[in-house]
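*Asks:* quick one, fold the following:
(3 chains)
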Amino acid sequence: MESTLKHQFEQLKRLQTDLYGRDFLLTWQHCQAEIQAALSIAEILKKLHASGKSFRMFDTGLAVSIFRDQSTRTRLSFASAVNALGLGLSEFDESKSQIAHGETVRETANMISFMTEVIGIRDDIFLGQGHAYMKEVGAAVEEGFNEGVLHRRPSVINLQCDKDHPTQTLADLLHLKNHFGSLENLQGKKIAMTWAYSPSYGKPLSVHQGIIGLLTRFGMDVTLAYPEGYHLLPEVIDLAKQNAAASGGQFNVIHDMQEAFHDAVAVYPKSWASFEVMQRRTDLLHKEDQLGLEDLEKECLSENAKHRDWECNESNMGITANGDALYLHCLPADITNVSCSSGEVSRAVFNKHRLNTYLQASNKPFIIAALVLLTRVQNAIDKLEAISDS
Amino acid sequence: MESTLKHQFEQLKRLQTDLYGRDFLLTWQHCQAEIQAALSIAEILKKLHASGKSFRMFDTGLAVSIFRDQSTRTRLSFASAVNALGLGLSEFDESKSQIAHGETVRETANMISFMTEVIGIRDDIFLGQGHAYMKEVGAAVEEGFNEGVLHRRPSVINLQCDKDHPTQTLADLLHLKNHFGSLENLQGKKIAMTWAYSPSYGKPLSVHQGIIGLLTRFGMDVTLAYPEGYHLLPEVIDLAKQNAAASGGQFNVIHDMQEAFHDAVAVYPKSWASFEVMQRRTDLLHKEDQLGLEDLEKECLSENAKHRDWECNESNMGITANGDALYLHCLPADITNVSCSSGEVSRAVFNKHRLNTYLQASNKPFIIAALVLLTRVQNAIDKLEAISDS
Amino acid sequence: MESTLKHQFEQLKRLQTDLYGRDFLLTWQHCQAEIQAALSIAEILKKLHASGKSFRMFDTGLAVSIFRDQSTRTRLSFASAVNALGLGLSEFDESKSQIAHGETVRETANMISFMTEVIGIRDDIFLGQGHAYMKEVGAAVEEGFNEGVLHRRPSVINLQCDKDHPTQTLADLLHLKNHFGSLENLQGKKIAMTWAYSPSYGKPLSVHQGIIGLLTRFGMDVTLAYPEGYHLLPEVIDLAKQNAAASGGQFNVIHDMQEAFHDAVAVYPKSWASFEVMQRRTDLLHKEDQLGLEDLEKECLSENAKHRDWECNESNMGITANGDALYLHCLPADITNVSCSSGEVSRAVFNKHRLNTYLQASNKPFIIAALVLLTRVQNAIDKLEAISDS
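*Replies:* Down below sits the predicted model:
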């Protein structure tokens, strides 16, 4: 084994983690060591994949995914990750199931878990519900396992909820780690997580919340910027403040994109709707109030339109540190004159950083594989080391 | 190997079965030894799965499923079972195929079978057609194999048709076997298979027919109870009578839920529509007569409404044997004040037995795996024994 | 190893091919040796499958399919082929993705490829676009690989585009090879690729174009026959002429079905719409001009109706060589008095050749597996030989 990899395994083994048999729902429910272990294993898996070495850990077994919203990247990332570990994928399509026939979440969770190792869930549309649903699924399979219904207790992995999007933000953090050399190097560095104009509305809050909830733990100077009114969930704002205080970092909320970009080494400009709007939208969706939804959309788009100047472009990129900040986006971005007439980012800036955003995205399947491995495979690190040595 | 498992293998090897290369469509087409072998192998697979031992039998190969109706449990059970045996799953979605372009069943059956080991089919909506369709698929792949089109002749497994639902009823039988200690212990025990009120109509007959067609073979005292007019298929009623006569059991048809529950050791209260209604519904569906279907629904719901008292509740559970009958349901149940205001079972009764119904359901993936193993793997029992020994 | 198989491997090793790491989009982009290698490997894989020997080559890895049109045969063939080689299948459903959110082809191609070995695409509806799309996907993953986004560069396999349908036509060519004994035996033999009447319109041109573009390379006397006006793409017509000149074969375009059938040893009667119609249809589809599409359909069906006599029946089969030409069809066929009142082929002719068309279709999964193997597996032939020897 090459010496840097050997060193990586040594560090990894020193981390005190307790992920085996557990769910992974919100990054802030997991200690620093667990976050670091996830990143480190993802890096090792990337190296193994690049060198053509299989890290299959299961002979058989099922991974079930439940997507309550559209997905390209995360869907394929989950499919890739579980396949690489040897699990078969069953994409559970609720429209083809009997959920309408009065099946409860508790019941369905057990029914899909008899031979299942992991359940990946995306549920990001309804504010106040996605995370609650994932917890309910976790509690249900916990009960099923305790009561002898299930031979094994599958782990629930959050593939985006109303609060957090951990597989995205861990992929982002790994990207930052690679770009700046180490997690330690992130200390004191300024990142601007900003709202940006989009001609659509109702984009989830989970990435933004996940980013401020995660990066504040690594001593970064996290500046959250948005036009007045576009609030994120207060509980996550509080969390970010506490994290910053504990990590020796900073967390500031401002309402000026230029100020946020000023001297930032990384920028993450991406649209969202305020949690109040998402709450109204959730209520209207439940009432199936189509007219109400149309009115809300009009109101929000008209509000958005006041902030067309919140675009990431060469001008404001110029005021970042050395005029050369790392541009981050979870993709797809609303690119001015590409996917819309006016959007989150100018064509020139996006094109300059395009391949880098692909690299950012490329971490996700390996992050997911790392989470499945840590939550499902006993002695995962020893097994990985044996494969690396072979 | 532990001695009970050793004993189980010895018994299993004494059974005279002939399932290899055949289809599994209706339990009554298979001898007692084959039914027992399916249960016994399912039990062994459960033990192997619980102990984390893989019983993969295929390196590659496809399982194709065709669901012409919604499904949660059976879909996931089939996915789990074929994955555990090493087969890849292809869910054949007829809406994405060229079946509308005049493809015949005979042709499609061959086109999906070139590298396929097993075809699982759910086709329970149209009376007089589901079983016929499965036979047609079986005959088509038989011809394809005989004529050199197919290298192997895939087995067709009934995942619910208009006549029977064998993977459900075998799971139910295994549940009864476990609960009462052995198949022999079922002799003389009273089970009430009863209609129950539901606020919906048009539920398939296959579970009820499958239960009376199967349990009467094990000497049980099977009481079928339903309000006047809710007839099951006469051919299955006749079969149940013959089975009971041959097995030393009983089969009675009555129209009183209380009488059915009286002294029963197990109850299976579940709604259905009469076969005459299902026939009218089938005709209307073929004519795409939406108004006719709405009229039929109104008529049936109004008929159902006369029998709201056919609910399984603490009162009638109290008159079962020792007031403590085993409650069976294939799920999802219509639970009063949970999934509807008035349904098949009261909340209190369902909650008491909820986890037990999950256990009942947990047999299904292993039953399906047992059927695939018996129909597709030569020397399956020897191979299983070797795995158990390892 | 049996001596004919030994001989086959010897011949195979002498072929100068360069498919590893490349795409397979149009047969005419590949040299004769590559075509022969694909056929030869498909034959070997068929033998291995028939004898129950696994030719799995991958431990894990993903195959992604993108179907922009309905499919039965090709969908299942691709699923079978990649499963047999050990890859997991992810059917990428664009309607469940975020492509509508302004994702570009370039971006999506990379996002689905992080752990992907092969991408199979069907895109045959829009004239001038299917092949272009496949090239774009290929270029995108090429860039992703070169820039370090992808560890491996997946191969793109054409599962039918607007120009060619190579997995179909190679399956057809293998069928002809088996029927006539060898590729050499095809020299000078007459095949009639003809239009035939269908009560529907807008059928793709890819099979016909693919057939004349491929069979003219093997010295066949290829006669293309259609009613005046039903033009194929001029570029493919030119290609067929050049091929015929180079191979010592013939290529004739005529407008008389009888003349085409006269003395032909094989006939391939199948409906299509002219490329001009397909171009108008493409434009209307893009404009979502439903009325325009209905008008075009009426116009085309009325034109079609003038040529109901272009039916393959016992009368015109009687004038083929020895009255016994091989009947070819990619299925499903429009069969008179079976799937329509008047169609491409009479019931009697189809029934006589039905099982033979199934055999023709049975080549496809093995052709696809051969293409994946040649484009994705290093030293594929040595590995196959080792399996054959085992």
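*Asks:* how far does the helix ranked longest in chain A sit from the chain's center?
*Replies:* Looking across chain A with DSSP state H, the single longest helix is helix A:32-50. Its chain's average C-alpha position is 16 Å from that of helix A:32-50, according to CA atoms, centre = their mean, to the nearest Å.
*Asks:* give the burial count for A:A348, as a bare number.
*Replies:* 14 (other CB atoms under 10 Å in any protein chain shown). The way it works is simple: take the backbone N, C-alpha and C, and place the C-beta from them, glycine included.
*Asks:* for whatever helix or strand it lives in, which residues meet the burial criterion?
*Replies:* If you go by DSSP states H and E, A:A348 is part of helix A:347-362. Neighbour-count burial for helix A:347-362, counted by 16 or more other CB atoms under 10 Å in any protein chain shown, picks out A:V349, A:F350, A:H353, A:R354, A:L355, A:N356, A:T357, A:Y358, A:L359, A:Q360, A:A361, A:S362.
*Asks:* wait, the first one touches A:Y327, no?
*Replies:* Yes - under the criterion of CB atoms under 8 Å, A:V349 makes contact with A:Y327 at 6.3 Å.
*Asks:* what's the overlap in contacts for these two?
*Replies:* Residues touching both A:V349 and A:Y327 (CB atoms under 8 Å, 6 or more residues apart in numbering or on different chains): A:C312, A:M317.
*Asks:* got the confidence number for the closest residue to chain C within chain A?
*Replies:* Chain A approaches chain C most closely through A:S339 (2.6 Å), counting by CB to the nearest CB. Per-residue pLDDT puts A:S339 at 88.
*Asks:* ok, it - how many residues close by?
*Replies:* Neighbour count for A:S339, taken as other CB under 10 Å: 21.
*Asks:* care to break chain A down by domain?
*Replies:* Following automatic domain parsing, one finds the domains of chain A at A:3-163+A:364-389, A:169-362.
*Asks:* out of these, flag the one nearest chain B.
*Replies:* Chain B lies closest, by CB to the nearest CB, to one member of the domains of chain A: domain A:3-163+A:364-389, at 2.6 Å.
*Asks:* how long is that closest one from one end to the other?
*Replies:* 11 Å (CA to CA, to the nearest Å).
*Asks:* ok, back up a step: mind checking if the helix holding A:A348 is in reach of chain C?
*Replies:* Yes - using CB under 8 Å from any CB of the partner chain, we find that helix A:347-362 touches chain C at A:R354, A:L355, A:Y358, A:L359, A:A361, A:S362.
*Asks:* ditto for stretch A:258-271
*Replies:* No - with CB under 8 Å from any CB as the criterion, chain C is not reached by stretch A:258-271; the gap is at least 11.2 Å.
*Asks:* separation between A:A225 and A:W195?
*Replies:* Relative to A:W195, A:A225 is positioned 7 Å away (CB to CB, to the nearest Å).
*Asks:* identify the contacts common to these two.
*Replies:* Taking CB under 8 Å, 6+ apart as the contact rule, A:A225 and A:W195 both touch A:M257.
*Asks:* quick check: closest non-adjacent residue to A:T357.
*Replies:* A:H329 (5.2 Å; CB to CB, 6 or more residues apart in numbering or on different chains).
*Asks:* I meant A:E117, not that one.
*Replies:* Computed as CB to CB, 6+ apart, the closest residue to A:E117 that is not its neighbour in sequence is A:G61, at 4.6 Å.
*Asks:* ok, A:H231 next?
*Replies:* Nearest one to A:H231, counting by CB to CB, 6+ apart, is A:S274 at 4.7 Å.
*Asks:* okay but the one you found is in contact with A:P227, surely?
*Replies:* No - using CB under 8 Å, A:S274 is not in contact with A:P227; the gap is 9.7 Å.
*Asks:* picking that back up, list just the nearest of the buried residues of helix A:347-362 to B:C312.
*Replies:* Lowest distance from B:C312 to those (CB to CB) belongs to A:A361, with 52.6 Å.
*Asks:* report the two of the residues of helix A:347-362 next to chain C separated the most.
*Replies:* Within the residues of helix A:347-362 next to chain C, two members stand farthest from each other by CB to CB: A:R354 and A:S362, at 13.0 Å.
*Asks:* shared neighbours, these two?
*Replies:* Counting by CB under 8 Å, 6+ apart, no residue touches both A:R354 and A:S362.
*Asks:* so, low pLDDT: which residues of the stretch 51-200 of chain A?
*Replies:* Along the stretch 51-200 of chain A, segments meeting pLDDT under 70 span A:96-103.
*Asks:* residue boundaries of the strands in it?
*Replies:* A:62-67, A:88-91, A:116-122, A:155-158, A:190-194 (DSSP state E, counting those that start in this stretch).
*Asks:* mean neighbour count added to those strands, as CSV?
*Replies:* CSV is the format used below for the strands of the stretch 51-200 of chain A (neighbours: other CB atoms under 10 Å in any protein chain shown):
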stretch, mean neighbour count
strand A:62-67, 24
strand A:88-91, 23
strand A:116-122, 27
strand A:155-158, 26
strand A:190-194, 26
